[in-house]
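[1] The following comprises the amino acid sequence and a computationally predicted model.
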Amino acid sequence: MFNIRSVIVIGLLLIFSLSACDVLSGDPTVTPIFVTATPAFIIVTNTPSPSPSPVLAPTIDRGGNNATPIEGTNVNTEPTQPPPATATATTLITLTPTFTPTPTNTRSIEGVSAFQPVGIAPGDAIEGTVDSPFLPPGQCVTTPAGGFATVYSNNPELASQLGCATTSATPVASAYQSFERGLMIWVSSQASPPQSAIYALSTASSYQAFSDTWREGVDPNSSGAQPPSPGLIEPIRGFGKVWREGGGVQSSLGWATSPESGGSATIQQFDRGTMIYLTQTGQTYILIAGAPGTWSSVSIAY
């Protein structure tokens, strides 16, 4: 228990303490406290800038493949903007056309059908002409025979013009007639139906080929035309029909100078022409297809 004396002492001590703190003072002094804002602490990391690394640059060959690198060549790896696209002209490849055989310049005339090679039925495919590509001489499936082989092998230029044989050499019946400026040859056909042919050869070295469409009892034997001078003859039958109706034949050959002469022949077809050996003249005739076709002859028997 506290006594009165102790209470008095404690009271005095409190009074002195409050006096020291100015609590009992009527006007206390306020001391302002100033707070300075401190900026937020920022951590800065020192990031080094990337530097280009030496890279070996490959060389490109003309074919577009990677070739051996060139030692010591540096390439800047920093990304760059690609150059603007530019239009590049593309070179078009022009195909060179292959050789296409030109048919004999046979005019289309009424009553005379288109020429079909002797020994070949109409509509048949001819090997080496339409369905098969040409083969160079020496690689042909079918080769010339007899005197045709002699002519063919002795004249490489002629062989190149004719191309490969497309049929074997075939014996046929024939007819021959001479004219003022050329001759006519008729050869029979072994095809079914028959497709006999007439060739009109001019001394200007051109020729035309026709199918023989003259028919006994249907077509006239002749027109009864009068020759301009003695010794000249109007051709008859198949020769006469082609002479009168074949465009340009009459003006090209003129009038016949001898009667028609029958005999035999040997014929062989080629990619681009025909060979005919005629017993009436002892000549081998070489016909090269074209527009117009051209011909020559040699004194070689089959």
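    In hand now; what should we look at?
[2] in stretch 197-210, what's buried?
    Neighbour-count burial for stretch 197-210, with 16 or more other Cβ atoms under 10 Å as criterion, is recorded at 197-202, 206-210. Placement of C-beta: from N, CA and C, glycine included.
[3] Give me the subset of those that lies in strands.
    Among those, the subset assigned to strands under DSSP state E consists of 197-202, 206-210.
[4] how far does stretch 225-237 stretch from start to finish?
    Using Cα to Cα, to the nearest Å, the span of stretch 225-237 from its first residue to its last is 14 Å.
[5] returning to that earlier point: rebuild the ones in strands among the buried residues of stretch 197-210 as CSV, extending it with distance to residue 178 and pLDDT.
    Converted to CSV, these look like this (distance: Cβ to Cβ, whole Å; pLDDT from 0 to 100):
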residue, distance to residue 178, pLDDT
197, 18, 95
198, 15, 97
199, 13, 97
200, 12, 98
201, 10, 98
202, 12, 97
206, 17, 96
207, 15, 97
208, 17, 95
209, 18, 94
210, 18, 95
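[6] Quick one: list the elements packing against the helix or strand hosting residue 184.
    Secondary-structure element containing residue 184, defined by DSSP states H and E: strand 182-187. Under the contact criterion of 3 or more Cβ pairs under 8 Å, 6 or more residues apart in numbering; DSSP states H and E, strand 182-187 touches strand 170-179, strand 197-202, helix 237-245, helix 249-253, strand 261-270, strand 273-278.
[7] Quickly run through the sheet partners of it, with directions.
    Each strand paired with strand 182-187, and its direction, by DSSP bridges: strand 170-179 (antiparallel), strand 197-202 (antiparallel).
[8] and residue 152, which of the helices and strands packed on strand 182-187 is closest to it?
    Among the helices and strands packed on strand 182-187, strand 273-278 comes nearest to residue 152, with 8.0 Å by Cβ to Cβ.
[9] okay, the angle between the closest one and strand 206-211?
    Between the axes of strand 273-278 and strand 206-211, defined by axes from the mean of the first three to the mean of the last three Cα atoms, to 10 degrees, the angle is 80 degrees.
[10] Who are the packing partners of strand 273-278?
    Applying 3+ Cβ pairs under 8 Å, 6+ apart, we find strand 273-278 packed against helix 146-154, helix 156-162, strand 170-179, strand 182-187, strand 261-270, strand 283-288.
[11] Now with 10 Å, please.
    Taking 3 or more Cβ pairs under 10 Å, 6 or more residues apart in numbering; DSSP states H and E as the contact definition, the neighbouring helices and strands of strand 273-278 are helix 146-154, helix 156-162, strand 170-179, strand 182-187, strand 197-202, strand 261-270, strand 283-288, strand 293-298.
[12] and the last one, average pLDDT?
    Spelled out, it's strand 293-298. Along strand 293-298, the predicted confidence averages to a pLDDT of 96.
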